[in-house]
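K.L.:
My questions concern the predicted model and sequence given below.
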Amino acid sequence: MGKLLSSTKLACYFTSWSQYRPGVGKYLPENVDPHLCTYLIYAFAVISSTNEIKIFEWNDEILYKSLIELKYRFTIMASTPANRETFIQSSIRFFPHEDKRRFTLLCQELLAAFEKEAAETKKPRLLLTAAVPLVMVMTYDLHGAWDPFTGHKSFDFAMKYWRDQGAPPEKLLVGFATYGCSFWMSASAGGVGAPASGPASARLYTQEAGILSYYEVRASLHWIDEQMVPYAVKGREWMGFDNRRSFEVKAQYVKDNKFGGALVWVLDLDDLTGQFCDFPPASTQPPLTTTNPPGGFCSGKVDDFYKNNNDDNTFYQCVQENTYLYRCPSSLVYNEICKCCDWP
């Protein structure tokens, strides 16, 4: 993602609850590449009943400090008066002398123009946008298991609406999601708009019905030409998500429309270890077997994940007595305690 939008703003979210994911799905501040994004956002703090900001997780202060320490060079620079003075003087030397007065005049003239426009139109819009450096648009969660039909996220309308209402496009960040929304279809086949009746089953790492991470998509892939996005189908489960191809299309969309950049929700739902999407190669060893094993393993069993006693590298998922056989990445085995793929 960073390579796709190397010259623009890239805001990335870190979620405190990703620390609780089982096995290799666990994600901590030390897993974050500090050079990947121009902004790192810690999710979330909350507002108390007394209107004060407070922590959400018991160890938020520890995790937040660890995330902040990723920019340790700033901490060192700002730690002493001498270090700060060195930085200030280098900034003065770095900025071209002939541009200092011009920049000051530009700011003064912009302020005067904004105030004049506000007085004439009685609209505070320019003053508000002048005070806001970025506007992060949540162009995802537009469809989900609450809908009676399958649907995909498409941000074209939302972004153009913000722009056409007067928001400066260079301040708008387009939402990129590293997760998919899944549906339980009323029938076993269908594309976009097929009748659905709630969320598909929870996956091993996200453990939430109707939501799956990018690396948990293991099914037959299809492509929607109109929206330029993929979707996946497995039995009666329908999953709308983004992959590298659709991200490349969207990154070009950001550039073509001169938007400010992108926001990524979230870092921890990408293939953070590089194991799931590259190993084993799909052409030689499919990651998912869809046929029922001999004996109807899930017959009479409740919906859950189950160990395969004949192969530590695979496990079963039972959904309404349908049997699905999954394969862990080649270096991992199924752990019955955490119900996840983990190190041996």
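P.N.:
Looks like it came in fine. Residues are numbered from 1 along each chain as shown.
K.L.:
was I right about Leu268 contacting Arg21?
P.N.:
For residue 268 the amino acid is Asp, not Leu. Yes: judged on Cβ atoms under 8 Å, Asp268 makes contact with Arg21 at a distance of 7.3 Å. The way it works is simple: take the backbone N, C-alpha and C, and place the C-beta from them, glycine included.
K.L.:
For the two, indicate the residue with more neighbours.
P.N.:
Neighbour count, other Cβ atoms under 10 Å: between Asp268 and Arg21, Asp268 has more, with 23 against 20.
K.L.:
Now for that one: which residues touch it?
P.N.:
Phe14, Thr15, Ser18, Arg21, Gly25, Tyr27, Asn31, Ser213 (Cβ atoms under 8 Å, 6 or more residues apart in numbering).
K.L.:
same deal with Lys258?
P.N.:
Pro169, Glu170.
K.L.:
Make 495 the starting number, not 1.
P.N.:
Sure, I'll start counting at 495 from here, so that last one is Lys752.
K.L.:
Thr532 versus that one, what's the distance?
P.N.:
17 Å (Cβ to Cβ, to the nearest Å).
K.L.:
So Lys654: helix, strand or coil?
P.N.:
Assigned with DSSP: H, G, I helix; E, B strand; the rest coil, Lys654 falls in the helix class.
K.L.:
the strands in the stretch 695-838 of the chain, which residues?
P.N.:
705-707, 714-718, 723-728, 731-734, 755-759, 782-783, 798-801, 808-813, 816-821, 827-829, 834-836 (DSSP state E, counting those that start in this stretch).
K.L.:
what comes into contact with the fourth one?
P.N.:
Contacts to strand 731-734, defined as Cβ under 8 Å, 6+ apart, come from residues 637, 644-647, 674-679, 684, 686, 688, 690, 694-695, 706, 711, 713, 723, 725-727, 813.
K.L.:
swap in the last one?
P.N.:
Outside of strand 834-836, the residues within contact range by Cβ under 8 Å, 6+ apart are 515-519, 698-699, 809, 822-823, 826-829.
K.L.:
Including pLDDT and distance to Lys503, could these go into JSON lines?
P.N.:
Output for the contacts of strand 834-836, formatted as JSON lines (pLDDT from 0 to 100; distance: Cβ to Cβ, whole Å):
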{"residue": "Arg515", "pLDDT": "89", "distance to Lys503": "28"}
{"residue": "Pro516", "pLDDT": "84", "distance to Lys503": "33"}
{"residue": "Gly517", "pLDDT": "80", "distance to Lys503": "33"}
{"residue": "Val518", "pLDDT": "79", "distance to Lys503": "30"}
{"residue": "Gly519", "pLDDT": "85", "distance to Lys503": "28"}
{"residue": "Leu698", "pLDDT": "84", "distance to Lys503": "33"}
{"residue": "Tyr699", "pLDDT": "86", "distance to Lys503": "29"}
{"residue": "Phe809", "pLDDT": "87", "distance to Lys503": "41"}
{"residue": "Cys822", "pLDDT": "81", "distance to Lys503": "37"}
{"residue": "Pro823", "pLDDT": "73", "distance to Lys503": "33"}
{"residue": "Leu826", "pLDDT": "80", "distance to Lys503": "36"}
{"residue": "Val827", "pLDDT": "85", "distance to Lys503": "41"}
{"residue": "Tyr828", "pLDDT": "87", "distance to Lys503": "40"}
{"residue": "Asn829", "pLDDT": "85", "distance to Lys503": "39"}
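K.L.:
ok, which pair from those residues is furthest apart?
P.N.:
Of all pairs drawn from the contacts of strand 834-836, the greatest distance, 17.2 Å, lies between Arg515 and Val827 (Cβ to Cβ).
K.L.:
can you pull out the helices in this structure?
P.N.:
554-562, 566-572, 575-588, 591-615, 619-625, 650-658, 738-750 (DSSP state H).
K.L.:
what's the closest of those to Ile541?
P.N.:
That would be helix 554-562 among those, by Cβ to Cβ, at 14.0 Å.
K.L.:
Please work out the average pLDDT along the closest one.
P.N.:
Throughout helix 554-562, pLDDT has a mean value of 91.
K.L.:
swap in stretch 738-753?
P.N.:
pLDDT averaged over stretch 738-753 gives 92.
K.L.:
now do stretch 715-729
P.N.:
87.
K.L.:
Which residues does that stretch contact?
P.N.:
Contacts of stretch 715-729 (Cβ under 8 Å, 6+ apart): 644, 646-648, 674, 682-686, 711-714, 732-737, 739-740, 743-744, 782, 784, 813, 816, 818.
K.L.:
Go through it and flag the buried ones.
P.N.:
For stretch 715-729, a neighbour-count test (16 or more other Cβ atoms under 10 Å) marks Gln721, Met722, Val723, Pro724, Tyr725, Ala726, Val727, Lys728, Gly729 as buried.
K.L.:
Put together CSV for those residues, with distance to Asn803 on each row.
P.N.:
Listed next are the buried residues of stretch 715-729 as CSV, based on distance: Cβ to Cβ, whole Å:
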residue, distance to Asn803
Gln721, 43
Met722, 44
Val723, 39
Pro724, 35
Tyr725, 34
Ala726, 29
Val727, 29
Lys728, 24
Gly729, 24
